[in-house]
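Undergrad: Show me the folded form of this:
(2 chains)
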Amino acid sequence: MSSNELIRPDAQVHFGVFFQGVNHTTIWSDPASGSQIDFETFRRIITTAERGLFDAFFLGEGLRLREQNGKILDLDIAGRPDAIAQLSALAGITERIGLVATQNTTYNEPGDLARRLAGLDILSGGRAGWNAVTTDNAWTGENFRRGGYLDHALRYERAGQFIDTARTIWDSWSDDALATSVDSDAWSVPGAVRHLTRSTSQFDVSLDATLPRSPQGHPVIFQAGDSPAGRDFAAAHADVIFSRHGTHFDDALTFANDIRARLRAAGRPADDIKILPSTQIVLAENASEVEEKRRWVLAGQYTGQTALSLVGQVWGRDLSDRDPDGPLPEDDPVPAPIGVTRGAARDGKDPISIAKEWRALAEAKNLSLREVAIETSLRSGFLGTPGQVADELAHWVRAGATDGFNISPYIVPGGLDEIVDWLVPELQERGVYRTEYTSTTLRGHLGLREPLTRRRTGETDKSATG
Amino acid sequence: MSVFALGIELDGEGTHPAAWRRANHPPSESLSGRILTRRVQAAENAGFTLATFDDSILSPTADIRARVDAVNRASFVAATTSTIGLVPVVETTYAEPFHTSSQLATLDYSSRGRAGWIAARVEDHAAAAAWGRPVLTAQSDIDREQRDSITVARALWDSWEDDAVIRDYKNGRFLDRGKLHYIDFEGESVTVKGPAIVPRPPQGQVVVFGTETDRDQVDIVLITDPNRDRAVEAADRSRGLTFIEVGVTLDTPAAAAADRLAALDAHAHAPETPRLEYTGSANGFVELLTDLAAHTDGVRLFPTVIDEDLRELARYVLPALFHSDVAHRPVPGSSLRGNLGLARPANRYARA
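TA: Predicted coordinates:
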């Protein structure tokens, strides 16, 4: 398939906003940067996103503060709310936008988590989503009863059983189970709730679900795994993939084609999963200002200390006394048996070969340590005038490389204003972005079919797209 | 006592199993955010200092089988109310203390300092199966989980000092890591390293409610006793703030309280109540609360039918208590702690 073929000429761009709340891509040093935790920050972002007709607002999760060299990482924004509790509060002040909580399958139990997600779904009128993630490190486990280490191979086993159990809980009420009149014989229709008993390698659960189905059936399942096992997991369970392939078109298209193949292999339609890569969008009103804006954003994201910290992660030691505008360290990293940086990217890659690549890059382009950190970061995203970026995004979606984008604002709470005020109108002019919400549910916004479990049992879902 | 605070329990349609028959909406609408918001706003307008939200992972009754969890309900109304304290029940026997602490701190942020927590033991064995955890049957085990959960939550709320976020532009540091603390809790069934993922809540410590057994760990002890004299004695004896729990059925323009109860009982038999009950006129209820105010710091009222009894409370009972200075409306902009006369606590980890 040629990468320029528009296989979906009528496809629409879907936007989500990912409120990360941690890491160096969120600039806190700018005067416009607000509190990372005050509710007002969240209110402002979500109301801006809803004004911009976004599909969803996402909250991340980290169950332990990040550390480097055994110390809490102090360079980046940290400190964020419990996702479900915060999204419930945000549900109370919004009408349409989807509310997606990142929640761990390792340090939760399905009977409890399914209930809390369903509660959010009911209160929001069918706008809840769950970004299901797994953790296998004992370091995070130190905050939980489960404690210890969940074997890496078991994490997807547990996650799969977890999601299956959660879906069964969500599906265990018949439709129309609640009486529609105070004069009815009973509050709920007798026999409307199926008791659930489940005994698996990971779970031993017996319960009566305590919530009916929501207007969207049940919460939309998001998944972010990128390994072959993670992709198969998504093809088996997910409605949406929150992908990492949001920078290079060919890479995104290859990923999307791979997912479509896996979906077919799993017996699902090829368009049954929506792909929303995480991305950053940097806009400047005029073409002449684009490069200046780019440099301003990078300077804010990669301070000297942050660059030293990122390079220090590879070298496995504290480099904070070095000059960030000087060269990379000359000696090789000392390979450590386990990563010294906890809860950050790059865990698990060979530091010596990374160092080698970086030195070659520095030499070829005559780069300082800080410039190497910028050049090699997991940078993602789009840069340009609103018109230029709108053209690019429309092309990505119509060529089938993605279904939309999950935007991480580089400044909170104001960073979404430019997207909504400048970019959304350009997309609307091109006919690739909605001009009003046409659904009340997250499932409906995303154009998803009814929940997987409902299809397997052959039942129809009359309210799925609400 | 300087404060006599009024609390109201807003779970379901009221305490009577047939209360839903007297609700202003059918069961199919009972779980909606719209009804929840309307209820809590009505309680806030009436002048209640706090609303509580009962909870369990199990069905409320064999017939009323649905309930949204209490933290979600309290959170949902946090940004559309401004004065009333929001106090969910969160159980301690099977829940993860780390999550509980984060959820309540988050509620404290979204409500701008109005969060409370009724820390509750779970005695029903079916809850263990619903959680998928080994059942705890010995009272000493259940008590230990309660104790450890409160200990962990409180330590985590202090694990960020108030001024831990420094935004030191010159040195590129967002945090002062010296003001973040590992709590290193090691209990029999749970270890928690810390620090919290949520910064210290606006109130410093969320207001914690428990039983007399929990006296040393909680801000307010809830007294549940069907006998007035025993309840009052318990309040007098307790070494700290107490709330007495009171069930209430009031006369309405349409029917006398006793007749209302009889009509409800004809539909469904109400289980024996564990708490002090009042059935009668609004004036009589004002007298009872005025009497209790001499002994206790507040009440948690359990309306028999929320839609009927809350209306009567708002029209006749609270205005009379405010008029006679027995109780006061909560102060807008004040925290729940402030409205209960509790100081914002110092942080255990802060160096003087």
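Undergrad: rest of the way, CA atoms for contacts and neighbours
TA: OK.
Undergrad: Low-confidence bits of chain B, can you list those?
TA: Along chain B, segments meeting pLDDT under 70 span B:1-2, B:352.
Undergrad: could you show me where the helices are in it, in order?
TA: Secondary structure of chain B (DSSP state H): helices at B:33-46, B:70-76, B:97-110, B:125-131, B:139-157, B:228-237, B:257-267, B:282-293, B:306-312, B:318-323, B:336-339.
Undergrad: How far away from the center of its chain is the last one?
TA: Computed by CA atoms, centre = their mean, to the nearest Å, the chain-centroid distance of helix B:336-339 equals 13 Å.
Undergrad: So which residues make contact with it?
TA: Residues lying outside helix B:336-339 but in contact with it, judged by CA atoms under 8 Å, 6 or more residues apart in numbering or on different chains, are B:5, B:49-50, B:84-85, B:113-116, B:203, B:206-207, B:330-331, B:343-344.
Undergrad: Using PDB, write out the CA atom coordinates for that helix.
TA: Listed next in PDB are the C-alpha coordinates belonging to helix B:336-339 (Å, rounded to 0.1, in the frame of the first residue of the first chain):
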ATOM      1  CA  LEU B 336     -14.700  20.900  56.700                       C
ATOM      2  CA  ARG B 337     -12.100  20.900  59.500                       C
ATOM      3  CA  GLY B 338     -12.800  24.600  60.100                       C
ATOM      4  CA  ASN B 339     -16.500  24.100  60.200                       C
END
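Undergrad: elements contacting the longest strand that chain B contains?
TA: For chain B, the strand that runs over the most residues, judged by DSSP state E, is strand B:241-250. Secondary structure elements in contact with strand B:241-250, counted by 3 or more CA pairs under 8 Å, 6 or more residues apart in numbering or on different chains; DSSP states H and E, are strand B:220-223, helix B:228-237, helix B:257-267, strand B:276-280, strand B:298-303, helix B:306-312.
Undergrad: follow-up on the earlier one: for A:P110, find the nearest of the helices of chain B.
TA: A:P110 lies closest, by CA to CA, to one member of the helices of chain B: helix B:125-131, at 7.5 Å.
Undergrad: Get me the contact residues on the stretch 251-400 of chain A for chain B.
TA: With CA under 8 Å from any CA of the partner chain as the criterion, the stretch 251-400 of chain A meets chain B at residues A:303-306.
Undergrad: if we go to 7 Å?
TA: Counting by CA under 7 Å from any CA of the partner chain, the stretch 251-400 of chain A comes close to chain B at A:303, A:305.
Undergrad: for the stretch 251-400 of chain A, what are the low-confidence residue spans?
TA: Confidence mapping of the stretch 251-400 of chain A against pLDDT under 70 gives the ranges A:335-349, A:378-380.
Undergrad: Okay, helices next: where are they in it?
TA: In the stretch 251-400 of chain A, helices defined by DSSP state H, counting those that start in this stretch lie at A:290-301, A:304-315, A:351-365, A:369-376, A:386-398, listed in chain order.
Undergrad: So what's the residue count around the nearest residue to B:V190 once chain neighbours are set aside?
TA: When the adjacent residues along the chain are set aside, B:V190 lies closest to A:R145, with 4.7 Å between them (CA to CA, 6 or more residues apart in numbering or on different chains). Burial of A:R145 is recorded as 20 neighbouring residues (other CA atoms under 10 Å in any protein chain shown).
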